[in-house]
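>>> show me how the following folds:
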Amino acid sequence: MSDLSTVIEVAGALSAAGVLGYAKARSPRVFWSLVGAPVARVRFTVTYRATMDVCGLTVQPSRLRAFMVRNVARRQDVQPVPPQVRRVRYSSIGMRATLRLPAGLEPADVAAACERLRHAWGVHSVHVVEVKPGFVELRMTGYDVLRRVKMPRRLPRKLTAGPLVVPVALREDGTAFVRDYQKIPHALTVGANQSGKSMYQRNLISGLAKLPVGLVGIDCKRGVEQRGYAPRLSALATTPDEADGLLEALVGEMEDRFDLLSSHGVPDMWGLPAKLRPVPLVVLVDEVAELFLVAAKKDEERRDRMVMRMIRLAQMARAVGIFLEVCGQRFGSDLGKGATALRAQLTGRVVHRVNDKQTAEMALGDIAPEAVFAATTIPPDRPGVAVAGDSSGGWSRIRTPAMTPAEVVAVCREFAHLTPHLAALAPFRPVMPAAPAPAVPLLKPRPVTE
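Now for the predicted structure:
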C-alpha cells in the first residue's frame, strides 16, 4: 500500500512539473502568475539590500542620518543607504517597483546596473524609467513579451491624451508604443525585405483610419501596398508623375492653411476655433527611394521638385497639421541631393532588421548612437521587431502585432465615412475598389425522377 502511495505521489509530482513546463513554453503569462511572480517577489524582498550593495547602488549616509544612528539607535555600524522602495506592483507580465533615490545617485546609475539586477532577481528584463526628480521605476518583465505580442487592453491616460495618438506596437517592457503626431510630427521607418515594415504600416493605418484625419498615400510601386486602402484615402499617387502633382497640391494646401493662421493671428492650427480648424493630414510615403531614383537625365528636374517639396513639408507643415510618414529599405545620402536634409527633419525613427550596419547608422546614428548595435542584432526569424527612437535620445525595442492586409482593408471600409474631401486633393482621389462579392453556395442538383 505504501508503494502504491509513493507511485501516486511521484506521478502527481511529475504531472505537475509537466503542466508547469508546458505552461512556461506555451502560456508564459500563466506560468508567471502561478510560479514566476511569487518566486521573484521573494527574491526581490529578501535580497534587495544585498543586491543594491553588490551592484554599487548604495551611498554613504548623510551626517544627520549617521548622527541619529549613533546617538538615537545606539548603533556604531552605519551602513550605506540603498534606494528606498516606495511601492511594488505585480501584473500578468512582470512587476514594477518605485524607488526613491538617495542623495548621490541618479537614474543613469540604476540604468547601468539593469543587467546585473535582471540576473540577481531572475527576471527576463529590467528597465528604468524616471518618474519625477528623485524617483525611478523599475519595470521588470517575467518573460519575453515580444515573443507573442499582445497589446494591453487599457492604455494609460497620459499615453492617449491627444487627438492624434495611435497605439502601434508593444515595447519590450510591456507598455504600448504609440505614435503621437503632436509630439513627433514626422517619422522615418526603414528595414530590409521581410523585416516587418509592412506590418508596422498596417497597424499604423488601421489606427489612423479610426481617427478624424485625412490620409494621403504615395506608393510608386503602382499602388500595390496602398490601393486597397482607397476607401479611407483622400488622395493616392501610384507613379512618380502623380506623386509630383500630389506633392505640389500638398504644398499649396499648406500655404493656404498658413494664410488662415496668419489671418487669425495664431501660431498653429490648434489655436484656431474648432469650426475653422482644418482636418489633419498624414502623408504615407511607401518606398521613398522611388521618389529619388531616376532612369534618365530628363527625370532629374522632376526628382528635384519632389524632394524640395517634401523638405518644405517636413520643415513647416507641422504647424498646419500635415505630417509625414516616410518608409523605405534604405535612406541615406547615396539616394541623391536632399536626402540628408529630409532625413534631418524626420525626428521619429523606427528601424527594423537591416542588411548592413550603415543603414542602421543612417537612421539612428544622429539621435541614439547606442541603439545602432541593437538594430543590427535583430534576428531574421522575428519579423516585426524594431528599434524605435526619437530626438530625445531615448530608444526601445518594439514589435508590432500580426495583421493581414485583408484586416486593414476591412477597417478602411468600415471607417470610410470619416474620409474628408479636400478640394486641393480632389484630382488625386482614388477610385474605390469593388467590394468582394459574397460567396454564393452551390445548389445541389436535384435527382432526376422518371
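
>>> look up the pLDDT of Leu342 for me, please.
The score at Leu342 is 89. That number is its pLDDT.

>>> A helix includes it, no?
Yes: using DSSP: H, G, I helix; E, B strand; the rest coil, the secondary structure at Leu342 is a helix.

>>> how much space separates it from Met308?
Taking CB to CB, to the nearest Å as the measure, Leu342 and Met308 are separated by 10 Å. Quick note: C-beta positions are derived from backbone N, CA and C, even for glycine.

>>> the more surrounded of those two?
Neighbour comparison, Leu342 and Met308: the larger count goes to Leu342, with 24 against 16 (by other CB atoms under 10 Å).

>>> I figured Leu291 hits Asp241, correct?
No: no contact is recorded between Leu291 and Asp241 when judged using CB atoms under 8 Å, the distance being 11.4 Å.

>>> hang on, Leu99 in a strand?
Yes: with the criterion set as three-state DSSP, the secondary structure at Leu99 is a strand.

>>> what's the burial count for it?
The number of residues packed around Leu99, counting by other CB under 10 Å, is 25.

>>> could you do Leu291 as well?
Taking other CB under 10 Å as the criterion, the count of residues near Leu291 is 28.

>>> name the element it belongs to?
Remark: Leu291 resides in helix 289-292, with elements defined by DSSP states H and E.

>>> now swap in Ala406 and tell me
Secondary-structure assignment from DSSP H and E places Ala406 in helix 405-414.

>>> that helix: how far from the chain's middle?
Centroid separation between helix 405-414 and its chain, computed with CA atoms, centre = their mean, to the nearest Å, is 21 Å.

>>> and the nearest residue to Leu155 once chain neighbours are set aside, what does it touch?
Among residues not flanking Leu155 along the chain, Ala176 sits closest, at 5.4 Å (CB to CB, 6 or more residues apart in numbering). For Ala176, the contact set (CB atoms under 8 Å, 6 or more residues apart in numbering) comprises Met151, Pro152, Leu155, Leu159, Pro167, Ala169, Leu170.

>>> helices - which of those residues land there?
With helices taken from DSSP state H, the overlap with those comprises Leu159.

>>> can I get the contacts of Ala176 in TSV including distance to Ile205?
As requested, those are exported to TSV (distance: CB to CB, whole Å):
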residue	distance to Ile205
Met151	16
Pro152	20
Leu155	19
Leu159	20
Pro167	13
Ala169	14
Leu170	18
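
>>> measure Gly196 to Arg29 for me?
Distance, Gly196 to Arg29, by CB to CB: 23 Å.

>>> looking at those two, which has the bigger crowd around it?
Comparing Gly196 with Arg29 by other CB under 10 Å, the one with more neighbours is Gly196, at 24 against 17.

>>> which one is that one nearest to, not counting chain neighbours?
Across the structure, with CB to CB, 6+ apart as the measure, the residue nearest Gly196 apart from its sequence neighbours is Gly384 (3.7 Å).

>>> ok, Val350 next?
The shortest distance from Val350 to any residue that is not its chain neighbour, by CB to CB, 6+ apart, is 4.5 Å, and that residue is Thr189.

>>> the one you found falls within a helix, correct?
No: Thr189 is assigned strand when assessed by three-state DSSP, not a helix.

>>> and it, what pLDDT?
Note on Thr189: pLDDT of 93.

>>> wait, it sits on Val354?
No: under the criterion of CB under 8 Å, Thr189 lies out of contact with Val354, with a separation of 11.6 Å.

>>> these two: which has the busier surroundings?
Taking neighbours as other CB under 10 Å, Thr189 and Val354 compare with Thr189 leading, 26 against 23.

>>> how far away is the more buried one from Met199?
As for Thr189, its distance to Met199 is 11 Å (criterion: CB to CB).

>>> what residues of stretch 420-427 count as buried?
Taking 16 or more other CB atoms under 10 Å as the neighbour-count basis, stretch 420-427 is seen to contain the buried residues Leu422, Ala424, Leu425.

>>> please report how far the first one lies from Ala249.
Translated: Leu422. Following CB to CB, the distance that separates Leu422 from Ala249 is 9 Å.

>>> what sits in contact with each of those two?
Looking at what touches both Leu422 and Ala249 (by CB under 8 Å, 6+ apart), the common residues are Ala235.

>>> show the low-confidence segments of the stretch 51-200 of the chain, by residue range.
Low-confidence segments of the stretch 51-200 of the chain (pLDDT under 70): 61-78.

>>> tell me which element the spatially most central residue of the chain is part of?
Nearest residue to the geometric centre of the chain (CA atoms, centre = their mean): Phe177, 3.6 Å. Under DSSP H and E, the secondary-structure element containing Phe177 is strand 176-180.

>>> restricting to C-alpha, output that strand in CSV.
The C-alpha coordinates for strand 176-180 follow below in CSV (Å, rounded to 0.1, in the frame of the first residue of the first chain):
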residue,chain,number,x,y,z
ALA,A,176,2.4,50.3,-25.6
PHE,A,177,4.4,52.2,-28.2
VAL,A,178,2.2,55.0,-29.5
ARG,A,179,2.6,57.3,-32.4
ASP,A,180,1.8,60.8,-31.2
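
>>> tell me who's in contact with the residue nearest to Val350.
With contacts taken as CB under 8 Å, 6+ apart, Thr189 has the following neighbours: Lys197, Tyr200, Gln201, Glu325, Val326, Cys327, Gly328, Arg349, Val350, Val351, His352, Ala386.

>>> might one say that the residue nearest to Gly196 is in contact with Ser198?
No: under the criterion of CB under 8 Å, Gly384 is not in contact with Ser198, lying 9.7 Å apart.

>>> may I have the beta-bridge partners of the residue nearest to Val350?
Under DSSP bridges, the beta-bridge partners of Thr189 are Cys327, Val350.

>>> picking up where we left off before, may I have the strands that pair with the strand holding Phe177, each with its orientation?
In the sheet containing strand 176-180, the strands it pairs with under DSSP bridges are strand 165-171 (antiparallel).

>>> residues making contact with the strand it pairs with?
Contacts for strand 165-171 (CB under 8 Å, 6+ apart): 145-146, 149-152, 155, 159-160, 176-181, 200, 203-204, 207-208, 211, 384, 386, 388, 396-401.

>>> fine, thanks again, bye for now.
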